[in-house]
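Q: no sequence on this one, just coordinates:
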């Protein structure tokens with residue numbers, strides 16, 4: 001249900017960051033002396049009490065954030081930050097090495113996915129809605145100054161095996177378009193000559209359930225949920241509300257286009273690594289250009305949302321967890337050179353905090369352990385143990401490389417300095 005009350009924020013009002021500063025307050029007994037006004041959110045008070053004004057970038061991002069929250073209830077403040085920065089990043093696509101996807105997914109209907117896409121459509125650079133569009137039509141629409149692809153009801157494209165097979169070309173285009181210089185090759189014209197078409201473009205996809213893993217891995221993922229009782233939003237009316245959203249879009253363009261050369265050269269400090277860093281880098285750069293509170297907000301959102309998605313990958317999480325738990329078992333046994341498979345399985349299943357006792361009808365088995373370790377190139381072999389007996393087991397050195405790569409031991413934290421030191 002939308003909120004029809006008259007105190008619904010107006011289309012141009014920033015309800016999240018702007019406030020009217022209080023006037024200076026007189027200090028009793030000290031004529032002419034006043035205390036400075038409290039700074040508004042995001043403004044930096046300097047040592048002399050002067051408040052440093054927000055940059056245009058910080059102001060327009062705050063206004064966009066307010067509009068997103070006006071129409072949609074997102075699952076967290078980090079998600080609001082991510083959507084805001086993703087929309088802004090579409091206005092500098094030609095500056096990026098990677099084009100992050102925005103995956104807006106939810107477990108059921110009426111979670112706000114399409115409404116969020118409505119807001120995104122009116123604020124991104126050159127929106128291209130791809131309802132029922134063929135892959136050929138889409139990649140022919142991508143130019144050196146790419147549009148922003150918008151795909152609603154993506155579950156109808158990838159939700160079943162047959163649908164996924166029919167739309168394999170579209171998934172390939174979305175995967176390739178995440179990175180610059182990954183064109184698609186098509187035969188065209190009367191002479192049937194192969195022609196390269198660019199695929200690089202940012203894309204937002206909304207749907208029920210997770211998208212294919214290869215798309216989710218290249219996405220900033222926002223997991224929507226239905227509004228609870230008491231959570232209200234303003235009704236979205238195209239004729240009434242799009243002018244304010246389009247005004248924000250124009251302000252983003254005016255702010256960011258002069259920053260193009262600087263954005264291309266920036267290599268920000270990232271709180272994550274590998275593909276997650278590739279995906280989030282444009283958002284972090286936009287935040288750093290805006291300054292104010294945005295660099296800290298962006299990195300918090302990046303860490304929090306990336307860690308959450310890592311936990312959603314159940315199979316991947318288990319494959320990493322098994323390495324960590326095997327290292328713990330070796331340590332508990334005194335780090336022997338070899339360990340019997342039976343003993344390793346027994347200790348893993350005995351850990352009540354681990355998932356292994358419930359891994360299958362009889363807990364983790366030697367066969368299940370073998371499958372979990374297969375991707376690491378680790379397998380059991382016959383070893384000689386004390387007493388001259390031979391049995392299946394694992395050598396500790398088989399795991400050291402995987403431990404270093406996938407679950408390195410955390411570096412020790414420096415001890416806090418003693419007071420007065």
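A: Cool, the structure landed. None of the values given here were measured: they were computed from a predicted structure.
Q: mind showing which ranges of this structure have poor pLDDT?
A: Applying pLDDT under 70 to the chain flags residues 1-51, 132, 311-316, 410-421.
Q: quick one: terminal-to-terminal distance for stretch 71-79?
A: Length of stretch 71-79, first residue to last, Cα to Cα, to the nearest Å: 14 Å.
Q: list the helices and strands the helix or strand containing residue 342 packs on?
A: Element membership for residue 342 (DSSP states H and E) is helix 341-350. If you count contacts as 3 or more Cβ pairs under 8 Å, 6 or more residues apart in numbering; DSSP states H and E, helix 341-350 packs onto helix 314-332, helix 366-373, strand 389-395. Every C-beta, even on glycine, is put in place using the N, C-alpha and C of the backbone.
Q: okay, now the domains of the chain?
A: Taking automatic domain parsing as the criterion, the chain consists of the domains 56-312, 317-406.
Q: including mean neighbour count, could those go into JSON lines?
A: Formatted as JSON lines, these follow (neighbours: other Cβ atoms under 10 Å):
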{"stretch": "domain 56-312", "mean neighbour count": "18"}
{"stretch": "domain 317-406", "mean neighbour count": "14"}
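Q: which ones are touching residue 71?
A: By Cβ atoms under 8 Å, 6 or more residues apart in numbering, the contact set of residue 71 is 115, 116, 118, 119, 233, 234, 236, 241.
Q: save the helices and strands packed on helix 341-350 as CSV, and put in distance to residue 156 too.
A: Shown next, in CSV, are the helices and strands packed on helix 341-350 (distance: least, Cβ to Cβ, whole Å):
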stretch, distance to residue 156
helix 314-332, 25
helix 366-373, 33
strand 389-395, 46
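Q: of all these, which one comes closest to residue 380?
A: strand 389-395 (4.7 Å; Cβ to Cβ).
Q: other SSEs contacting whichever helix or strand comes after that closest one?
A: Going down the chain from strand 389-395, the next helix or strand is helix 397-406, by DSSP H and E. On a contact count with 3+ Cβ pairs under 8 Å, 6+ apart, helix 397-406 meets helix 314-332.
Q: and the angle for the helix it packs on with helix 366-373?
A: 110 degrees (axes from the mean of the first three to the mean of the last three Cα atoms, to 10 degrees).
Q: helix 314-332 - contacts with which helices or strands?
A: By 3+ Cβ pairs under 8 Å, 6+ apart, helix 314-332 packs against helix 294-312, helix 341-350, helix 366-373, helix 397-406.
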